[in-house]
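Asker: Sequence and computational prediction follow.
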Amino acid sequence: YFTTAMEKTLFTFDPRCGKLLLVMIKKRLLNDTLGSYFLFGPRGTGKTTWLQERFPDAVRISLLDSAIKRDLRAYPERLIEYIGPLVDGKTVIIDEGLTAISASAFQSCTNLTTINIPNSVKSIGNYAFASCSKLTDITICSSSAMSAVASLCKSNAEMNLTFDIEDVNTSEFYDNDNIASLTFTSKVKRISSAAFYQCKGLKTVTFAEGIETLAGQTFQYCTGLTSVVIPNSLTTLGGRDFQGCSNLESVTLGSGLTAVYDYTFADCSNLTSIVIPRGVEYVKNSAFYNCGLTSVTFESGSNLFEIGGYAFAKNSNLTSISLPSGLVRLRSYAFQDCGITSVVIPANVTIIGKGCFLATDAANDKIQTITILGNKDGWYVGESSESTAAEAESALSASDMESVNLIAVMKNFRNYHIIKEPVE
């Protein structure tokens with residue numbers, strides 16, 4: 001035979017067929033990675049061999065040993081006896097099949113840095129990870145681990161958590177400043193309301209494609225966050241999910257969203273620009289209220305139907321806006337207290353809500369030019385957005401809808417809506 005850096009080639013005689021066979025053995029290109037990970041594969045592919053070569057000094061607990069498996073099933077607290085030699089180690093691998101981690105199992109393992117809790121674990125005893133002062137990287141594959149990990153997060157700083165469960169349904173991490181990073185694998189579909197509310201030390205959040213729902217207030221007031229990328233798989237933002245993330249500078253919204261809900265990014269004072277994906281039909285009330293926006297872009301072919309009340313209000317550095325052609329409703333105060341001086345209203349718009357482009361204080365009104373596209377007949381002023389022409393406070397002529405005159409109408413009727421008579 002002969003070898004190269006990447007493969008071994010040899011000839012062997014197969015007595016079953018009486019032929020000389022050419023066999024090429026490829027070099028394994030598998031390397032271990034930092035932190036927790038799974039090693040998956042069918043039997044006989046070399047997983048155990050690779051582990052033995054890569055970690056020759058590791059303490060090994062094999063659940064294929066039926067005696068060990070029976071022992072731990074009957075007395076899970078004995079795990080501490082098996083892992084005792086790991087006190088001075090740096091990594092613990094808990095193999096699939098373990099159902100319980102007993103009380104004080106890892107207590108005072110002061111050099112333990114990483115642990116992976118598999119989905120087979122159904123219970124974790126008190127003080128299981130107590131005084132593990134260097135344990136900062138944890139992968140959670142079992143919902144039963146939430147309480148124990150949250151308790152550790154209260155004592156250890158700069159915690160990095162990876163979730164690999166379908167429903168991250170927890171309030172255990174509420175208001176915890178020691179969590180530095182969160183990673184959600186493709187297995188995660190939903191994160192519950194207020195799950196990581198006011199985790200001020202949180203710096204990074206990473207979502208894999210697969211996440212579908214943030215249930216509301218999920219990362220509200222996480223003031224350490226600076227950027228977030230919403231995957232295309234996510235379809236629901238429950239409202240206030242990132243409100244008050246005052247250091248959030250960059251947001252990328254995924255193509256799966258159909259709405260940006262109430263207060264989702266309100267009070268993100270360092271957020272200067274946003275691109276609204278074409279699939280978004282509604283930007284709900286106060287979605288981007290009181291941010292630092294200087295640029296709002298609607299993707300080409302936007303399906304936007306409605307901009308809600310106060311949706312972009314109090315973005316004083318927002319001086320221009322290009323509204324998508326399919327827009328139908330502009331709700332009250334949508335751009336109140338912005339710096340917009342000129343705007344074009346698309347032909348499909350039927351409601352311009354009260355105070356839509358005006359300032360709270362009339363002396364600070366910035367708008368100078370409004371251009372109405374399409375037919376300028378059939379407009380009127382209504383006290384309610386549901387008002388009909390018959391209930392109009394004032395019918396507006398085509399001349400009233402010209403730019404300068406329309407601005408005068410808006411200012412004279414600051415607390416009224418401008419509505420277009422629907423076509424029968």
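Answerer: That came through, no problem.
Asker: ok, and for stretch 383-401, which residues are buried?
Answerer: Judged by neighbour count using 16 or more other Cβ atoms under 10 Å, the buried positions of stretch 383-401 are Ser385, Ser387, Ala392, Leu396, Asp400, Met401. Yep, even glycine has a C-beta here, placed from its N, CA and C like the rest.
Asker: Make sure the first one is indeed in a helix.
Answerer: No. In this structure, Ser385 is coil, not part of a helix, as judged by DSSP: H, G, I helix; E, B strand; the rest coil.
Asker: ok, now which ones touch the closest residue to it other than its chain neighbours?
Answerer: Take Ser385 and drop its neighbours on the chain: the residue closest to it by Cβ to Cβ, 6 or more residues apart in numbering is His417, 5.0 Å away. Contacts for His417 (Cβ atoms under 8 Å, 6 or more residues apart in numbering) come out as Ser332, Ile351, Ile352, Gly353, Lys354, Val381, Gly382, Glu383, Ser384, Ser385, Ser387.
Asker: for Leu373, same thing?
Answerer: Contacts for Leu373 were tallied using Cβ under 8 Å, 6+ apart; they are Val344, Ile345, Pro346, Ala347.
Asker: what sits up against stretch 152-166?
Answerer: For stretch 152-166, using Cβ under 8 Å, 6+ apart, the contacting residues are 35-36, 119, 129, 132-133, 135-143, 149, 173, 176, 178-185, 187-190, 201.
Asker: Between the two ends of it, how far is it?
Answerer: Between the opening and closing residues of stretch 152-166 lies a distance of 22 Å (Cα to Cα, to the nearest Å).
Asker: Now that stretch: buried residues?
Answerer: Leu152, Cys153, Asn156, Met159, Asn160, Leu161, Thr162, Phe163, Asp164, Ile165.
Asker: Could you find the two of those residues that are most distant from each other?
Answerer: In the buried residues of stretch 152-166, the most distant members under the criterion Cβ to Cβ are Asn156 and Ile165, with 21.2 Å between them.
Asker: Look at Asn415 and say how many residues are nearby.
Answerer: Applying other Cβ atoms under 10 Å, we find 8 other residues in the vicinity of Asn415.
Asker: On the pLDDT front, check it for me.
Answerer: The predicted structure scores Asn415 at 94 on the pLDDT scale.
Asker: State the pLDDT value of the residue lying closest to it once chain neighbours are set aside.
Answerer: For Asn415, ignoring the flanking residues on the chain, the nearest one in space by Cβ to Cβ, 6+ apart is Lys354 at 5.4 Å. At Lys354 the predicted local confidence, pLDDT, stands at 96.
Asker: Look up how far Ser403 lies from Lys354.
Answerer: Computed with Cβ to Cβ, to the nearest Å, the distance linking Lys354 and Ser403 is 19 Å.
Asker: Which one of these two is surrounded by more residues?
Answerer: Shown here are Lys354 and Ser403; by other Cβ under 10 Å, Lys354 has more neighbours (23 against 15).
Asker: Return the member of the buried residues of stretch 383-401 nearest to Phe288.
Answerer: Ser385 (21.0 Å).
Asker: Show the pLDDT at the closest one.
Answerer: The predicted structure scores Ser385 at 90 on the pLDDT scale.
Asker: Mind jotting down where the strands sit in the stretch 251-400 of the chain?
Answerer: With DSSP state E, counting those that start in this stretch, the ranges of strands along the stretch 251-400 of the chain come out as 259-260, 273-276, 282-283, 295-298, 306-307, 329-330, 342-345, 351-352, 369-372, 379-382, 394-396.
Asker: can you put those strands in TSV and add distance to Phe413?
Answerer: Supplementary listing: these in TSV, determined by distance: least, Cβ to Cβ, whole Å:
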stretch	distance to Phe413
strand 259-260	29
strand 273-276	29
strand 282-283	24
strand 295-298	26
strand 306-307	20
strand 329-330	15
strand 342-345	16
strand 351-352	11
strand 369-372	14
strand 379-382	5
strand 394-396	7
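Asker: among those, which is nearest Leu248?
Answerer: Across those, the minimum distance to Leu248, taken as Cβ to Cβ, is reached by strand 273-276, at 10.7 Å.
Asker: Can you dump the C-alpha atoms of the closest one in CSV for me?
Answerer: What follows is the C-alpha trace of strand 273-276 in CSV, where atoms were taken according to Å, rounded to 0.1, in the frame of the first residue of the first chain:
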residue,chain,number,x,y,z
SER,A,273,-32.0,52.6,10.4
ILE,A,274,-34.5,49.8,9.6
VAL,A,275,-35.5,47.9,6.5
ILE,A,276,-39.1,46.6,6.5
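Asker: Would you check that Leu396 makes contact with Asn412?
Answerer: No. Applying Cβ atoms under 8 Å as the test, Leu396 and Asn412 come out as separate, 11.2 Å apart.
Asker: Good, wrapping up.
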